[in-house]
Structure formats: structure tokens, C-alpha cells
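Enquirer: My questions concern the predicted model and sequence given below.
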2 protein chains.
Amino acid sequence: MGAPAFIAGDWGTSNLRLFLCDEDGVQLDTARGPGAAEVGGEFAAVFDSLTSGWQQQHGALPTVLCGMVGSSIGWTQTSYVGCPARPAQIAEACVELRGGRIQIVPGLSCRNRLGAPDVMRGEETQILGALHLEPRLREGRHLLCLPGTHTKWAMLENGAVTEFLTAPTGELFALICDHSVLVGDGREHARALSGGASFEEGLAQFTRIPHTQLLHRIFECRSRRLTGELATAAAADYLSGLLIASDVSGALELFAGIAPTVCLIGTRALTALYGTALTRANRETVHVDGSAASLAGLARIHQLLSLQASSHAG
Amino acid sequence: MGAPAFIAGDWGTSNLRLFLCDEDGVQLDTARGPGAAEVGGEFAAVFDSLTSGWQQQHGALPTVLCGMVGSSIGWTQTSYVGCPARPAQIAEACVELRGGRIQIVPGLSCRNRLGAPDVMRGEETQILGALHLEPRLREGRHLLCLPGTHTKWAMLENGAVTEFLTAPTGELFALICDHSVLVGDGREHARALSGGASFEEGLAQFTRIPHTQLLHRIFECRSRRLTGELATAAAADYLSGLLIASDVSGALELFAGIAPTVCLIGTRALTALYGTALTRANRETVHVDGSAASLAGLARIHQLLSLQASSHAG
């Protein structure tokens, strides 16, 4: 473990996680704070108060921040790097604050396989991290899946992100659980990440018949409860099975024949659910922890920025 | 116009509409009141206060009520009549209150084409009304569509409802408009019923490519705004185009070859949007006003109950 060398931060809509790191990206200390939507524009004050201890002890540390901190609701607005995007291009497009001491990571944009514009912000850093943590991803073509509020499916070719596709699967799940009579009440929301028998049943039901009837299937969360075929406590599990099966089958149809293995990046609970759905669709999966990927990606960007700085200096 | 003969009432989750009718079901007067979810269980008090004027003037009038008034949150809980269901069976299964002076219409249940249980409550009365208003529906096979919060697709065979299918299309639309960053804010919600160019674009985009990617398409409401391809004010229109196209194409796939004409029952604004989507799918449409259908259905049930009463008496 080396000396403190930089600060890495993943500043999303609803959470800030800061890491004090050594030059190799090994985490020495951490801090948590409010998300970009919660700081009321006071990014500088929040950042300074959370890091003042580190900075007093170790001097003014260079900092790399990713996520919504670089969006229209963020500290500063970074652009989107167009695909195909290589790690070095992402590092080069970072936006500097405080004379370069703070670097904000840009998002990525592409035209996806449906012919529509698509964007990501935060996931690009996790993908860079996965490239570091899983060296085999650096060669050839790979399909990545980053499940979440807005699930991203991304394609890598020889280490570059060539395109991606978004499905707001997690957001729809939360909307229906929190606000709809379809599932009942919000209390079973958290349970759905357990992936029980009703989750498997949702997966199975969705794929049993040509799967264009997602809307019609969703009503089953209510009708199967009325008939007693589904316990109220299991309705959210069933819903998550239907939604994840729809997300997975729609994405695999578009990315047919790309790779037999899908690399899942995210929390253990959520990648497990997608892993089950992908196994049902005859895909193998590799799981990369989402937090570890964020940290590794931020460290990789810090490293690339240091290299660029020394090459400019040289 | 004859003498006041009965009271008809459509008591849904969020609205009560009462009609004073002559024996032929011609509306002589109307009243409005709170929905079943809003009366705090005080159904009798609300009903009496709204109808006391009519009852004082014209005596104790027989009453037929349909909708959520007969559900688990209603005045009394009626069962579901299994499909195939004929109008006379629906009338026979009405639940009596106050010694038969008030009749509550039951819902319908079936196992739908996806193999799942399905239910309706309130729409069965509109279907009975449509059978009265459109005599050609009484012979042969017909596909009906009742768009709304929970859109119903129903099949008629020689005047009986043989099966139906629900999609919570309107509910998902409202959830996303009211609570999600995908569309922006809730203010454009009402606009979406206008069916502008962005609605047509949503329809077209959804059907352009094999349409299993509803979830992935929904993200376009956000990404196309970020690129300027879609005005914020038009995002709800685009969303309604995607959702209605998905509902229509999923249903037509299941009900393939049943009838070239689809009978739409509902509000003018909503049946117009579904009409556009069905025209794109090479179907002809007939439109029946939803309120007129409810009233005609309640009158038909009153008539059937009167016939049953006189045959029991005879």
C-alpha cells in the first residue's frame, strides 16, 4: 500500500462515494456524501468539507470525479464522447476545475442498434474499470451489461466502446412497485432482488410465448394475485422477472451472435438476477463488482491523465 | 322522453356518474360524485345524498351500478362471471342491496390468450352497451378495444364475451409522465392525448424494427430530448406512440385473423390515438363513445333484470 496519491469520486444522482487512493488505485480511506440532485448546487462546499481532512494531511491531491457531477445538474457540464471511444479519448475529454486539480469524466454517446441516440454517464468509468480488472476484455468483441435504474448494454471491440443501448428497466420496476396497484404496495420492493421462485416464473412466462406482449404480461402481477396464483409478497419478484426477461431478450436479439459470454457489471444482487435470465437464454456470464469497477476506472483515468500531463511536459 | 324509471350509475375508482333515466334508458338528469377510492366506505350516504332529490320526486327508483363499486374496495363485493359470458348471465349475477332495489353489476374473468388469468370490472357494462348501440356486433366474431388506464381487448362471439386481455398502458403512461426523468415533468401529460407528429413518430419507430424492444425504446423519450431530436413538450406524445403501438401490435399478434374491423369504446381523444395505431396496422375501426356505452349497458341490465323479475313473478 503506497502513499495517498489522488482522490477518486463517483458522484451519482443520489449518492457520492469518495475514495482516498494510492498511485495504484488501492483504496486507503473512504467518505460518503449527498448525491448531485441533493446538494443544491453546492458541489464545491460539499467536496471541500468531505475531503478537507485528507487534503490537510496529504496536501492538495489531484481528484477524478465521474457520474452526474458532470451533467446538466452537476458541478460542471461535460460533453459526451462519441463512440467508438477508447479509454485515452475519455481521459482527454475530462473537464478541468481548479486549474486541473479536479477532473470531471465525460459521458459517452452513440447511435444505438435501434437507430436512436443513446447516452451514458458514469457507466463509461465502470467499463474502463472492467477493462482493467478483466484483461481478456481488451481483445476481441465483448458484450457488457450494466444493470440498474437505466440498464446499459455495451459492446467492446479491442478495448474501445463501439456502441451501447439503454433500457430503463430498474426505473420502471421502481415506478410500478412504488406507485401502482399492479404490484400492491411498495413494501415488497426490496424483496424482488432476492430472485425467488416468482422471479423465475416471471422469466419463464415471458419467454414461453413470442415475447411482444410485455404490457399485457405486466397486468398479470395484479390478476394472478386476484386468483391466488401469486402471493402479494411475490408480485414484485414476478414483475422483476418479466421486466428483466424483456430487457435481456430484446438486447440479445439486437446483439445476436456477438459473444457467447456476457460480462455483467453491478451489484451482486442485480447481476445475479440478470445472470439467471442470461443463463436461461443460453449465455455464460462473468460478474464484475460495480463499485470495484468504478474505483478501478477512476484510477485508470487518473493514470492516463498523469501520462498525458507528463507527455505534455516532456 | 318517458317518465323517470330507474337510476343508472357508473362508480369507478375516481369518479361516480349517476343518471336518472326513463324506461328506454334515455337520460333525464345527471349527478356527479366521488369515486370508490374516495368515499371512505360511505357508499350508502353518498348515494342517498346525491339521489335524494330524484327519489323524493319520483319515489324509490330501482338502481343499477357498475364499476369498482362492486370490488373489494366497493359497496359490496360481486364475483366475476367466467367467460364466455352472455348479457343475461351478467344481469343474473348482479348482487342485490336494499332488498333488490339496488343492483351491483359483476365483473368478468377469463383465462386470456397468454394463458394468464384476466379480469375486468366496468368494461363488461360498456360492452353490453356497445352490443345495444351497434347491432351488427351481435352476430359473428368481433374484436373490441376499450383503451384506458387498463386497456381491455375483448372478443365477442354471437353476442357473448368469450375472452379478453388487459394491458395497463394508460397507467404506465401516467406513471412515467408523472414520476420519471424520461419524459421530463408532468406538465405535458395532457398534451399527449392530442396525437401530434411526435405521437405518429413514436408509432412509426416502434413498428419499424421487430418490436421486442419496448423497454429500450422508452429510453428514447430522454435521449432524443438530449440531442434535440425531440422537444420536451413532445416527449409525452412520443411515449404514448410507443406504448400504444406496443399494446396494439402485441394484441393484434394474439388476436390475428379474428376480424378486419376493431370496435373502439372510450373517450374520443383516446380512441382516436388507438384508431391511428390500428389504421397503421391495416385495421378498420368503429368508434363507440365510452359514456354512451356505459349508460346503454346499465339500461340493458335494468331491462334484463326487469324481464327476469316479471318471469319469476309470472
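Expert: Received the coordinates, thanks.
Enquirer: hey, let's count contacts and neighbours off CA atoms from now on
Expert: Fine.
Enquirer: Show the backbone phi and psi for the residue nearest to residue A:76 when sequence neighbours are not counted.
Expert: What sits nearest to residue A:76 in space, not counting adjacent residues and going by Cα to Cα, 6 or more residues apart in numbering or on different chains, is residue A:70, at 5.4 Å. When read as degrees, to the nearest 10, the backbone of residue A:70 gives phi -100, psi 10.
Enquirer: repeat for residue A:40
Expert: The phi/psi pair for residue A:40 (degrees, to the nearest 10) is phi 60, psi 40.
Enquirer: Now do it against residue A:79, distance only.
Expert: 22 Å (Cα to Cα, to the nearest Å).
Enquirer: higher neighbour count, those two?
Expert: residue A:79 (17 against 11; other Cα atoms under 10 Å in any protein chain shown).
Enquirer: quick one: contacts for that one?
Expert: Counting by Cα atoms under 8 Å, 6 or more residues apart in numbering or on different chains, residue A:79 makes contact with A:93, A:106-107.
Enquirer: Tell me the most packed of these, by neighbour count.
Expert: Among these, residue A:106 has the most neighbours (other Cα under 10 Å), with 30 neighbours.
Enquirer: what about the nearest residue to that one once chain neighbours are set aside, is that helix, strand or coil?
Expert: Nearest residue to residue A:106, sequence neighbours excluded (Cα to Cα, 6+ apart): residue A:78, at 5.1 Å. The local conformation at residue A:78, judged by DSSP: H, G, I helix; E, B strand; the rest coil, is coil.
Enquirer: residues touching residue A:78, list them.
Expert: Contacts of residue A:78 by Cα under 8 Å, 6+ apart are A:70-71, A:94-95, A:104-107.
Enquirer: where in the stretch 51-200 of chain A is pLDDT low?
Expert: Along the stretch 51-200 of chain A, the model assigns pLDDT under 70 to residues A:185-193.
Enquirer: Let me see the contact set for the residue in it positioned nearest to chain B.
Expert: Residue of the stretch 51-200 of chain A nearest chain B, by Cα to the nearest Cα: residue A:167 (4.2 Å). Counting by Cα under 8 Å, 6+ apart, residue A:167 makes contact with A:150-152, A:247, B:215-219.
Enquirer: before we move on, what about residue A:305?
Expert: Residue A:305 neighbours (Cα under 8 Å, 6+ apart): A:91-92.
Enquirer: looking at this, it is in a helix?
Expert: Yes - residue state for residue A:305 (three-state DSSP) corresponds to a helix.
Enquirer: picking that back up, looking at the contacts of residue A:167, which are in helices?
Expert: Among the contacts of residue A:167, the members falling in helices are A:247, B:215-218 (criterion: DSSP state H).
Enquirer: and those as CSV, adding neighbour count and distance to residue B:197?
Expert: Converted to CSV, the ones in helices among the contacts of residue A:167 look like this (neighbours: other Cα atoms under 10 Å in any protein chain shown; distance: Cα to Cα, whole Å):
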residue, neighbour count, distance to residue B:197
A:247, 25, 28
B:215, 24, 21
B:216, 24, 21
B:217, 24, 17
B:218, 25, 17
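Enquirer: of those residues, closest to residue B:35?
Expert: Residue B:35 lies nearest to residue B:218 out of those, by Cα to Cα, at 31.6 Å.
Enquirer: Wait, the closest one touches residue B:240, no?
Expert: No - Residue B:218 is beyond contact range of residue B:240, at 9.8 Å (criterion: Cα atoms under 8 Å).
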